[in-house]
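In: Fold the following, please.
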Amino acid sequence: MWGVPRWLQSRRGPAPGGGRRPPSGAGAARAAALRDALSGIGTTLDEGTTCAELTAVTARLTGGAAAVLSRGPDTGPEPDIGSGSGTGPGLDTGSGPDTGLGIDTGSGLDTATGTDTGPGHGDAPGSPHRTGGHAGYRAVSGDVELLPAVGWALAVSRAGGLPAGVRAQGPPGAPGRSVLVTPLTSGGDQYGLLVTVRRGAPHDRSEAELLALLAERAASHIRHARAHERLSRTAGDLQRALLAEPGRPHPNLDIAVRHLPAGGRTLVGGDWCETVRLHFGRTLLVVGDVMGHGLEAAVDMNAYRSSLRYIASADLPPHRVLRQMDDIAAGEADRRPATCLLARIDPGRGQITLAGAGHLPPLLIGPDGAAALLPVPVGPPLGTGLGGYESVTHPAAPGQTLLLFTDGLVERRGEDIDRSLARLAGLHFPAGQDIEAVLDTVLTGLDARHAEDDVAVLAARPHPRRPPGEPPYGTRASS
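Out: Alright, predicted model coming up:
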């Protein structure tokens, strides 16, 4: 990169003293400028942001326009750039006759230099600058009309042999423009091309080497961003597998569930919801929150969920279900603690029986929209082995909605939890809302999509009348 300091100096005028070696202060300034340019690229793990930062820095340093031709992350590690066998998957080359490269190079393109040597190279119809289009470019900085056709840029990149970039005096039909095409390469893999263009003086070798340095930095961050995206997709697939829809409740109960991972990304976590169908028209509703985040929390969440299904099948009171779950979890040294809330709804008797293990209380919303928190006896989190769980029963009327949730819905940094719960209870619920609309009101009113923690919410509403063919609620079948 011997040309980088020379290029930086050229952008600041002649060196002091008639070209003699500049003083150390000027060298430090140039080094600072280079550091500043590099530090502005790759500030996030988002590929689009990295490309935009790269083109912005490039356009500022070269005084022209810049854009990226990006190769998609799902087309393999080796893009077909420079092979001469096609344009490569994931690159939009625009329109034009097929030349074996998949692009229209034009009759007057000198592929050794990228210059137009044929007749009629003005802005005439049919020139690659006019027909190739700009549809394949992304993260454009500067005047997009300066950019050459995508196919032309790809052809020049294949014809060039300079590792620092491909210099071209200008695309056909665009005299007076200089184009530099630089591969985005990291770890032996190519992720696309950086295309730089300006009017006036052609790019020199020092500029090509500087942009190669910037492109290499950007490609490294793109590689990391794509690896992060692959891991996030894998984590999301795992979460969707673990967070299967809750079991089927009785027909006398409407259920709605929402999961919102923190930060808007689908990541594995420990928040979960479940419903277990019991005898005599009753349904057990469950929400839980395993301590921590990530894969380990998700694995423990699945273990808690499995033990719940097994224990609840015995139709025990909610507090006894918690006690047995606590015993099982406490016997496993690596199991993370978890909070949990159980609500057994019995529409036939008009009852809700609650038991909690260190969890926040549920919200009961009346048909008229009035809401209040239901008291729950405080018990220790699951996995502590302390036991001491109790149940409490509240009356339930037809048309009421019971809302169970994890702490991510209401907790905010620096805010007292009582105030957070009061904010939930103070939401306005229009009378007659359906159960999905209730969840929309809660999530919107509390801005849950920007919560700092994962959110899981379960809403349940008993039917006011039994469905046709169902026995009266509360009728005990003879065994």
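
In: How many residues are close by the residue nearest to I328 when sequence neighbours are not counted?
Out: Counting by CB to CB, 6 or more residues apart in numbering, S307 is the residue found nearest to I328 once chain neighbours are left out, at 5.1 Å. For the C-beta atoms, the positions are set from N, CA and C on the backbone; glycine is no exception. Other residues near S307 come to 18 when the count uses other CB atoms under 10 Å.

In: A helix includes S307, no?
Out: Yes: counting by DSSP: H, G, I helix; E, B strand; the rest coil, S307 is part of a helix.

In: Quick check, it in contact with A330.
Out: No: between S307 and A330 no contact is recorded; they are 11.7 Å apart, counting by CB atoms under 8 Å.

In: Now the helix or strand containing Y304: buried residues?
Out: Using DSSP states H and E, Y304 falls within helix 294-312. Buried residues in helix 294-312, counting neighbours by 16 or more other CB atoms under 10 Å, are found at 295, 297-305, 307-308, 311-312.

In: contacting residues for A451?
Out: Taking CB atoms under 8 Å, 6 or more residues apart in numbering as the contact definition, A451 lies against L260, A262, G408, L409, E411.

In: Packing partners of the lengthiest helix in the chain?
Out: The longest helix of the chain (DSSP state H) is helix 205-242. Helices and strands touching helix 205-242, by 3 or more CB pairs under 8 Å, 6 or more residues apart in numbering; DSSP states H and E, are helix 3-10, helix 24-39, helix 47-62, strand 177-186, strand 189-199, helix 294-312.

In: Relative to D204, how far out is the closest residue to C51 other than its chain neighbours?
Out: Spatial nearest neighbour of C51, excluding adjacent residues (CB to CB, 6+ apart): A139 at 3.8 Å. A139 is 25 Å from D204, where distance means CB to CB, to the nearest Å.

In: neighbour-wise, which of these two wins?
Out: Neighbours were counted for A139 and for D204 using other CB under 10 Å; A139 has more, 19 against 15.

In: in a strand, that's where that one is, yeah?
Out: Yes: with three-state DSSP as the criterion, A139 is part of a strand.

In: Go ahead and confirm it touches T55.
Out: Yes: A139 is in contact with T55 according to CB under 8 Å; the separation is 4.8 Å.

In: Between these two, which contacts overlap?
Out: Listed as contacting both A139 and T55 by CB under 8 Å, 6+ apart are A67, V68.

In: quick revisit: pull the contacting residues for the residue nearest to I328.
Out: Q324, M325, I328, A329.

In: can you check L260 too?
Out: By CB under 8 Å, 6+ apart, the neighbours of L260 are G408, L443, A448, R449, A451, D454, V455, A456.

In: mind checking the SS state of the last one?
Out: When the structure is split into helix, strand and coil by three-state DSSP, A456 lands in strand.

In: per-residue confidence for the nearest residue to it once chain neighbours are set aside?
Out: Nearest non-adjacent residue to A456, counting by CB to CB, 6+ apart: D271, 3.8 Å away. What the model reports for D271 is a pLDDT of 87.

In: who does whatever helix or strand D271 lives in touch, helix- and strand-wise?
Out: Here D271 is covered by strand 269-277, with elements defined by DSSP H and E. For strand 269-277, the elements it packs on are strand 253-260, strand 283-293, helix 294-312, strand 455-462, judged by 3+ CB pairs under 8 Å, 6+ apart.

In: sorry, back to before: from the contacts of L260, list the buried ones, please.
Out: The neighbour-count test (16+ other CB under 10 Å) marks G408, L443, A448, A451, D454, V455, A456 as buried among the contacts of L260.

In: Confirm G356 sits in a strand?
Out: Yes: under three-state DSSP, G356 sits within a strand.

In: can you tell me how far it sits from G40?
Out: From G356 to G40 the distance is 50 Å (CB to CB).

In: Tell me which of the two has more neighbours.
Out: G356 (28 against 15).

In: what's the distance between the more buried one and V140?
Out: 55 Å.

In: cool, T384 as well?
Out: On the measure of CB to CB, T384 and V140 end up 57 Å apart.

In: The two: which is more packed in?
Out: When neighbours are counted by other CB under 10 Å, T384 and V140 differ, and V140 comes out ahead with 19 against 16.

In: Correct me if wrong: that one contacts S70.
Out: No: the pair V140 and S70 fails to qualify as a contact (CB under 8 Å) at a distance of 12.0 Å.

In: quick one on the thing from earlier: tell me the least confident of the contacts of A451?
Out: Among the contacts of A451, A262 has the weakest pLDDT, 70.

In: Include distance to S157 when you put the helices and strands packed on strand 269-277 into a markdown table, please.
Out: As requested, these are exported to a markdown table (distance: least, CB to CB, whole Å):
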| stretch | distance to S157 |
| --- | --- |
| strand 253-260 | 44 |
| strand 283-293 | 43 |
| helix 294-312 | 41 |
| strand 455-462 | 47 |
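
In: among the ones you listed, which is nearest V378?
Out: strand 283-293 (15.6 Å; CB to CB).

In: List the neighbouring strands of that closest one plus their orientation.
Out: strand 269-277 (antiparallel), strand 338-346 (antiparallel) (DSSP bridges).

In: buried stuff in it?
Out: T283, L284, L285, V286, V287, G288, D289, V290, H293.

In: Now do the same contact list for the fifth one.
Out: The contact partners of V287, by CB under 8 Å, 6+ apart, come to 271-274, 340-341, 359, 404-406, 456-458.

In: Find the residue closest to it in space, skipping its chain neighbours.
Out: Using CB to CB, 6+ apart, the closest residue to V287 is L404 (4.3 Å).

In: on that earlier part again, dump the contacts of S307 into CSV; add secondary structure as well.
Out: Output for the contacts of S307, formatted as CSV (three-state DSSP):
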residue, secondary structure
Q324, helix
M325, helix
I328, helix
A329, helix
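
In: which residue ranges form the strands in the stretch 301-450 of the chain?
Out: Residue ranges of the strands in the stretch 301-450 of the chain, as given by DSSP state E, counting those that start in this stretch, are 338-346, 351-357, 363-365, 371-373, 392-395, 401-405.

In: and of those strands, who's closest to T50?
Out: strand 401-405 (36.7 Å).

In: The closest one pairs with which strands, parallel or anti?
Out: strand 363-365 (antiparallel), strand 455-462 (antiparallel).

In: Can you check the pLDDT for G86?
Out: For G86, pLDDT reads 34.

In: Would you mind writing the CA trace of stretch 303-314 as PDB?
Out: C-alpha atoms of stretch 303-314 as PDB (Å, rounded to 0.1, in the frame of the first residue of the first chain):
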ATOM      1  CA  ALA A 303     -37.300 -29.000  29.800                       C
ATOM      2  CA  TYR A 304     -39.700 -27.000  32.000                       C
ATOM      3  CA  ARG A 305     -42.400 -27.200  29.400                       C
ATOM      4  CA  SER A 306     -42.000 -31.000  29.100                       C
ATOM      5  CA  SER A 307     -42.200 -31.600  32.800                       C
ATOM      6  CA  LEU A 308     -45.300 -29.300  33.000                       C
ATOM      7  CA  ARG A 309     -47.100 -31.300  30.400                       C
ATOM      8  CA  TYR A 310     -46.300 -34.600  32.200                       C
ATOM      9  CA  ILE A 311     -47.300 -33.300  35.600                       C
ATOM     10  CA  ALA A 312     -50.400 -31.400  34.500                       C
ATOM     11  CA  SER A 313     -51.800 -34.500  32.900                       C
ATOM     12  CA  ALA A 314     -52.500 -35.900  36.400                       C
END
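
In: Great, nothing more from me.
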